[in-house]
Structures are given as structure tokens and as C-alpha cells.
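Visitor: Model the structure of this input:
(one chain, ligands or ions: 1)
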Amino acid sequence: MKVVTTIAEAQAQARMKRRVLVPTMGALHKAHGELIRVAREYAGVDGDVAVSIFVNPLQFEPGSDYQKYPRPEEADEAFCRAAGVDLLFRPAVEEIYSQDSSTFVEETALSRTLEGKSRPGHFRGVCTVVAKLFNILSPDAAVFGEKDFQQLAVIRRMVRDLNFKIDIVAVPTVREADGLASSSRNEYLNAAERRQATVLHKALLAAEKTDNISGREVVDLVRRTISEAPLARIGYVELVDAETFEPLDVVRPNALLALAVFFGKTRLIDNRLLSEKTSPAAGAAVR
Ligand code: PAF
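Guide: Model (predicted):
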């Protein structure tokens, strides 16, 4: 595995092979392992799997966990080696952003709700850094997890709108044995918070099992289920269209239930695409 920290080195890497990029912020865990596995599959045995590790200051809001975001450099490098990564790009902040950087990439439709609404500037930071990584590493494809469902959609939209010739590959959410979505932020949870955080998956499953229920009712059901965990503080629970991310009043195909919940200072997100349902609010089966 080649490890590079500068843009010049990254761009000097001969690019004869098909390259698949896995952009990450490090603190790698089993969900990243799955992204890398899918990247390898997509690249083929002769292809090149590149991983970037960059904790992107631009996507953290002031006062959030940017400074304390875990940066286990050695463990991450060993993780990539063991996973069979070909190229690890691990730049410093100054390498990516000039002090007088004044150009940003902003998606303005899908970013208006959920994460975009709760974390102003977040997707502008994500799009800017992902566009830069695409320009630096010139991948043929890039892999993203569905845990960040809205991020995936925003990146797909950016790729379409800015004509990047890059396939975006989605990987289903990886979960711990008790259902909690794997995330670098799970490390921040104390034992009691970690135990109670399983309520998120439980709430999403409860929503999935309902029938003949309106959008309002399904959101209320999820909120009530989460409230069974005394340490949980809801940021949002919303039902939106999985393509436009606009709020929905009724559960219908392609409805996405998305949530952000705090345990202490740790903010966790999760989501579930709800399958076809009937909705009394719509007066009939909604197709
Ligand atoms: O999902 C992440 O880890 C980050 O948002 C990404 C895509 C690596 C951009 O910094």
C-alpha cells in the first residue's frame, strides 16, 4: 500500500488502472471495511482501491466535535493495509485548503432539510471536499454508505450537476449485532448511552412494521419509542421523500424515515426506507 500526504504525490501516482475511491474521515471501523470490500469488488482484481482519510473542518459547525474527532493514524493505516487498500491519501488541512480558499461547492435543493437544516453549512463542506478529492484522485467510482442517506443523494446530485464522470456506489448501512448503525461516533458513548442507543434501530423497525398509518402517526410512534430511552434527546424524526428530501404527510413508497438523536453530547443518525404502505391520511392505498 502506498501512503501519500500531498496532492502532488497523489496526482503523480500512475493511473493506468480503474480506480475506486472510498472517502473517509478515518477512525475506521467495520462499516468502512465494508465500503472498502465493495470498492475492491467494483474495481476488480486488477483495479486500484484508494482510501482518503481527512477530517474535513469545513463540514463541522462551530462548537461541534471537530477538535475531538478521533484521529487514530496508526490504527487506520494498519486497517487499510489489512483490507488490501492500494493507495492511502492522508493530507493535512493546509494541504487541502489554502488559507485564502474562496471557492466552495454547494447543493441547494436536497440539502434544505434533515442534516442540511440541522447543520447549516455541513453539505457545503462535504460537497467541497468530495469535489476536491475527486479532482485530486480522479477515481472512476466512489463508494458511500447509506447511513448518510442524504449525503449520498447530495453527492449524486453534485456529480450529475457538475458532470463528474464518476460512478457513485451505495453500500447498505452496516450494523452492530444489536442493531446500532456502526459509526465512529459510537466510540463517544458511555456504557449506559451505548446500551440505550439500540432504541434507534428498534424505533425504525417499529415504524417499518406498521400498517394503515399516516405520516404524522409514524413519526409519533418513532418519537415515543425513542423516548423510552431516558438518555435520548431527539434532534429530529422526519418522514421525507427519499429522492427530493421534502417532508411527507403520508407513508408511501420511497418514503424515508430519518432521525438524529443525541445521547449526551453524541449525535447519532440513522434512517430506514419504509416499504409500500396504505395511509388513512391519503384516503386510499398510496402508490
Ligand atoms: O461521510 C464521511 O465520512 C464524510 O462526510 C466524507 C464523505 C468523507 C467527506 O468528508
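
Visitor: Just give the nearest non-adjacent residue to V4, would you?
Guide: Of all residues not flanking V4 in the chain, A10 sits nearest, at 5.1 Å (Cβ to Cβ, 6 or more residues apart in numbering). From N, CA and C alone the C-beta is placed, and that goes for glycine too.

Visitor: Spell out which parts of the stretch 1-150 of the chain neighbour the ligand.
Guide: Where the stretch 1-150 of the chain comes near the ligand, counting by Cβ under 6 Å from any ligand atom, the residues are P23, T24, M25, N56, Q59, V126, V129, V130, D148.

Visitor: what's the second one in contact with, if anything?
Guide: Shown in contact with T24 (Cβ atoms under 8 Å, 6 or more residues apart in numbering): H32, L35, V51, S52, I53, F54.

Visitor: Specify the beta-bridge partners of it.
Guide: Applying DSSP bridges to T24 gives these bridge partners: I53.

Visitor: The residue nearest to V4 and I136 touch, don't they?
Guide: Yes: applying Cβ atoms under 8 Å, one finds A10 in contact with I136, separated by 5.3 Å.

Visitor: For these two, list the residues in contact with both.
Guide: With Cβ under 8 Å, 6+ apart applied, the overlap between the contact sets of A10 and I136 consists of F89.

Visitor: quick revisit: between all of the contacts of T24, which two are separated the most?
Guide: By the measure Cβ to Cβ, those have their two most distant members at L35 and F54, which lie 15.0 Å apart.

Visitor: So these two - more neighbours on which side?
Guide: Neighbours were tallied for L35 and for F54 using other Cβ atoms under 10 Å; the higher tally belongs to L35 (25 against 19).

Visitor: Enumerate the positions of the helix or strand encompassing the more buried one that are buried.
Guide: In the assignment (DSSP states H and E), L35 maps to helix 30-43. By neighbour count, with 16 or more other Cβ atoms under 10 Å as the criterion, the buried positions of helix 30-43 are A31, H32, G33, E34, L35, I36, R37, V38, A39, R40, Y42, A43.

Visitor: can you pull the pLDDT of the first one?
Guide: As summarised for this prediction, A31 has a pLDDT of 98.

Visitor: which stretches of the stretch 1-150 of the chain have low pLDDT?
Guide: Regions of the stretch 1-150 of the chain meeting the criterion pLDDT under 70 cover residues 14-15.

Visitor: let's go with 80 and repeat that
Guide: Counting by pLDDT under 80, the stretch 1-150 of the chain contains low-confidence ranges at 13-16.

Visitor: Tell me where the protein has strands.
Guide: Secondary structure of the chain (DSSP state E): strands at 2-4, 19-24, 48-53, 87-89, 141-145, 167-171, 232-241, 255-263, 266-274, 278-279, 284-285.

Visitor: Please list all residues in contact with E176.
Guide: Contact analysis of E176 by Cβ under 8 Å, 6+ apart lists S182, N186.

Visitor: From H32, how far out is it?
Guide: E176 sits 14 Å away from H32 when distances are taken as Cβ to Cβ, to the nearest Å.

Visitor: which among the contacts of T24 gets closest to F89?
Guide: Closest approach between the contacts of T24 and F89, by Cβ to Cβ: S52, at 4.5 Å.

Visitor: right, and the closest one touches L137 too?
Guide: Yes: taking Cβ under 8 Å as the definition, S52 is a contact partner of L137 at 6.9 Å.
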